[in-house]
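**Q** Below are the sequence and a predicted model; questions follow.
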Amino acid sequence: MLNSSTVLARAIDTVRIHRVRRETRDGRAVWTKYRRRGMDGVIACGNVFLDRSRSRIRMFRDVAAWQWWEVASFGLLNGDAYGCGPLGPRGFWAECLPGVSLRELCRAGTIDTDAARAAGAELRRAHALSCAVRGVLWSHGDPHLGNVLYDAAAGRARLIDFETIHDATLPAAERHADDLLVFLLELLATVDAPRWPALGMATLAAYDRPEPLEALRLRLRVPRGLELVLWRTRSAHTPLSELERRISQLRNALA
């Protein structure tokens with residue numbers, strides 16, 4: 001029988017704020033993303049939930065602000081070789097990056113420690129970059145496995161989809177620990193029990209930044225209330241007892 005937190009978590013998962021398509025523009029393969037009309041109320045409700053569930057992130061109600069953040073973040077992280085830009089008053093485009101998402105690799109059962117290490121290394125690199133306009137070190141806000149691409153040929157991971165933003169007043173170590181937590185919650189939920197600890201520790205070993213790792217360790221206790229609902233959405237609705245067991249394993253490994 002589903003409890004109320006599971007029902008709410010699954011309802012939240014169904015919300016799609018943007019329409020995403022793969023297209024060809026000027027001979028280049030790109031992804032386009034448009035803000036759906038009539039989403040203001042949905043975003044407002046979503047931000048109330050994000051606030052009360054202690055997520056410390058928010059979605060953009062203002063379309064122009066969202067466009068700016070997508071362009072700025074993609075350019076900061078991937079502008080070394082790939083283009084991006086606004087698309088009309090409600091859209092954004094970015095060149096297709098090589099690789100497949102870690103979520104796809106997990107579903108296919110082919111994720112390995114090389115992919116996990118690449119993800120940790122890319123999070124480390126990204127967290128060392130400064131966001132010039134905000135004047136703080138950059139953070140993603142929602143780096144779940146679907147937002148991390150892995151190019152096995154290059155041994156490189158890249159981050160995509162910058163739809164949320166952290167509270168800039170939070171210390172960088174706290175924001176970076178949040179990013180690690182989001183990533184690890186889905187990883188531990190979607191990889192079978194014998195394999196996920198090695199993948200999780202490979203990620204953290206490649207990340208190797210002491211302050212965010214300590215901030216992460218202090219957060220590794222399964223919460224209650226609306227924060228638990230948020231954790232359920234991020235951990236593929238893993239049964240609570242199993243979620244608690246795996247979080248305990250991770251906390252002990254970090255200790």
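**A** Done, it's in. Numbering: from 1, shown residues only.
**Q** ranges for the strands of the protein?
**A** In order along the chain, the chain carries the following strands (DSSP state E): 18-25, 28-35, 57-59, 84-87, 91-95, 100-101, 130-131, 136-137, 148-151, 156-159, 164-166.
**Q** Please list the residues outside the last one that contact it.
**A** Which is strand 164-166. Among residues not part of strand 164-166, those counted as contacts by Cβ atoms under 8 Å, 6 or more residues apart in numbering are 50, 56-60, 69, 139-142, 175, 178. The C-beta positions use only the backbone N, C-alpha and C, and glycine is treated the same way.
**Q** List the buried residues for that strand?
**A** Judged by neighbour count using 16 or more other Cβ atoms under 10 Å, the buried positions of strand 164-166 are T164, I165, H166.
**Q** That strand pairs with which strands, and in what direction?
**A** The strands that strand 164-166 pairs with in its sheet are strand 57-59 (antiparallel) (by DSSP bridges).
**Q** Give me the contacts around the partner strand.
**A** Judged by Cβ under 8 Å, 6+ apart, the contacts made with strand 57-59 from elsewhere in the structure are 17, 43, 46-47, 50-51, 66, 141-142, 163-167, 178.
**Q** picking up where we left off before, same list (the buried residues of strand 164-166) but as TSV, adding pLDDT and distance to R232.
**A** Supplementary listing: those in TSV, determined by pLDDT from 0 to 100; distance: Cβ to Cβ, whole Å:
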residue	pLDDT	distance to R232
T164	95	18
I165	96	23
H166	96	21
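**Q** nearest to P210, of the contacts of strand 164-166?
**A** R175 (15.5 Å; Cβ to Cβ).
**Q** you'd agree that closest one is up against R56?
**A** Yes - in terms of Cβ atoms under 8 Å, R175 counts as a neighbour of R56; the distance is 7.4 Å.
**Q** Show me which of the two is the more surrounded one.
**A** R175 (25 against 16; other Cβ atoms under 10 Å).
**Q** Now the more buried one: closest residue in space that isn't a chain neighbour?
**A** S139 (3.9 Å; Cβ to Cβ, 6 or more residues apart in numbering).
**Q** To what extent is that neighbour buried, counted in neighbours?
**A** Neighbours of S139 using other Cβ under 10 Å come to 29.
**Q** and the gap between it and R246?
**A** When distance is defined by Cβ to Cβ, to the nearest Å, S139 is 24 Å away from R246.
**Q** cool, D179 as well?
**A** The spacing between D179 and R246, counted by Cβ to Cβ, is 19 Å.
**Q** Check R35 too.
**A** Distance from R35 to R246, counting by Cβ to Cβ: 36 Å.
**Q** before we move on, what about A72?
**A** To R246, A72 is 35 Å away according to Cβ to Cβ.
**Q** So for those two, which sits in the more crowded spot?
**A** Legend: neighbour count by other Cβ under 10 Å for A72 and R246, higher for R246 (23 against 18).
**Q** ok now do that one, which residues does it touch?
**A** The neighbours of R246, taking Cβ under 8 Å, 6+ apart as the test, are L188, A189, A193, W196, T238.
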